[in-house]
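Undergrad: pasting the sequence and the predicted model now:
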Amino acid sequence: MTRRTLPTRQLPVAVLAVLLLSACGGGDGPAPSAPEITHPVFYGGPGAPVASVGKDGDYFVDDQTGALYGPKAAGAWPTVPVSLVGPAGADGAAGPEGPAGATGATGATGATGATGAAGATGATGPAGAAGTAGPAGATGATGPASVDYSWSLASGNLSPPGTYSVLAGSSISVSTTRFAQILPHDCGTGTLRVATLGVPDVGQTHTFKLLRAPGPSPVVADLTDPAAFSCTISSAARTCITSGLVNFSAGDAIELQWTNTATVADQAVNGAIGITFSCS
């Protein structure tokens, strides 16, 4: 607890005048004799004073709130102090903005955040302009050579039912002579096609078979019927196509054999019959 006397406590003039008048009993009465004059003592400290502090006539200031207690009377301090704090003054004008501070040091790089969820697929963009044409590619290797043979039976052919050897490129068909063609090079696959421009009568058939004799010196006796190279046309099927592996060699001989149940001229609707064989 701090003890303060009147000469060492800085209080407002009006407060001191009131205190002195109260201590002296007022300003109108006769002055007391010298031994009766006592000066009040001012105390200060945090919070309200306790009864043991000071004597009657003394004062106490709460340093934390600015509340004044006193004068002490009959050994007790007043329970209701007098505030020495005036009302809050108006806010002062804002001061000028201070200069910008120096740029602080760059902070450490933070940890990588978690990958966010995939966004929705965006709309398809407009088609780009057509690019320039690329350079021409290199010429490819030459493919295997192809052999093509063709036969024809004229619409007026009167060969009776039987089996005949047909001459390539001719409408002649005979039963006593064998016609054959020599392959100029090897070929692995072949296709036999037959079609009539007419319409065979019901029950009429024309069957064509491809025979082969191996070279390089083929003979008629060796002409045999390769599997899958046989075509038949009729009133129900006016065309026929068959294909398969042949594995023919250069120098082999091939023959087209025709078996008929009626003459070409006896078709319900007259028309020539064409036959082709392609080998590559």
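TA: Received it, and whenever you're ready, just let me know what you need.

Undergrad: how close does G89 get to T65?
TA: The span separating G89 from T65 equals 18 Å under the rule Cβ to Cβ, to the nearest Å. For glycine as for every other residue, the C-beta is placed from the backbone atoms N, C-alpha and C.

Undergrad: now do S159
TA: Between S159 and T65 the distance, using Cβ to Cβ, works out to 143 Å.

Undergrad: same drill for those two, tell me which one is more crowded.
TA: When S159 and T65 are compared on other Cβ atoms under 10 Å, the one with more neighbours turns out to be S159, at 19 against 14.

Undergrad: can you verify that one is assigned to a strand?
TA: No: assignment of S159 by DSSP: H, G, I helix; E, B strand; the rest coil gives coil, placing it outside any strand.

Undergrad: surely it meets T263?
TA: Yes: contact criterion Cβ atoms under 8 Å: S159 and T263 qualify, at 6.1 Å.

Undergrad: name the helices or strands packed onto the host helix or strand of K209?
TA: Element membership of K209 [criterion: DSSP states H and E] is strand 205-213. For strand 205-213, the packing partners by 3 or more Cβ pairs under 8 Å, 6 or more residues apart in numbering; DSSP states H and E come out as strand 187-196, strand 230-234, strand 253-260, strand 273-279.

Undergrad: relative to strand 230-234, how tilted is that strand?
TA: Direction vectors for strand 205-213 and strand 230-234, defined by axes from the mean of the first three to the mean of the last three Cα atoms, to 10 degrees, enclose an angle of 170 degrees.

Undergrad: which of the helices and strands packed on strand 205-213 sits closest to P218?
TA: In terms of Cβ to Cβ, the element of the helices and strands packed on strand 205-213 nearest to P218 is strand 253-260, at 3.7 Å.

Undergrad: can you list the strands that the closest one pairs with?
TA: On the basis of DSSP bridges, the sheet neighbours of strand 253-260 come out as strand 162-166 (antiparallel), strand 181-182 (antiparallel), strand 205-213 (antiparallel).

Undergrad: quick one: it to strand 187-196, angle?
TA: Computed by the same axes, to 10 degrees, the angle between strand 253-260 and strand 187-196 is 30 degrees.

Undergrad: what average pLDDT does strand 253-260 get?
TA: For strand 253-260, the per-residue pLDDT values average out at 87.

Undergrad: pull out the buried residues from it.
TA: Within strand 253-260, the residues that count as buried by 16 or more other Cβ atoms under 10 Å are 253-258, 260.

Undergrad: now do the nearest residue to P218 once chain neighbours are set aside against T224, distance only.
TA: For P218, the nearest residue in space outside its immediate sequence neighbours is A253; the separation is 3.7 Å by Cβ to Cβ, 6 or more residues apart in numbering. Taking Cβ to Cβ as the measure, A253 falls 11 Å from T224.

Undergrad: isn't S152 up against T276?
TA: No: using Cβ under 8 Å, S152 makes no contact with T276, being 9.7 Å away.
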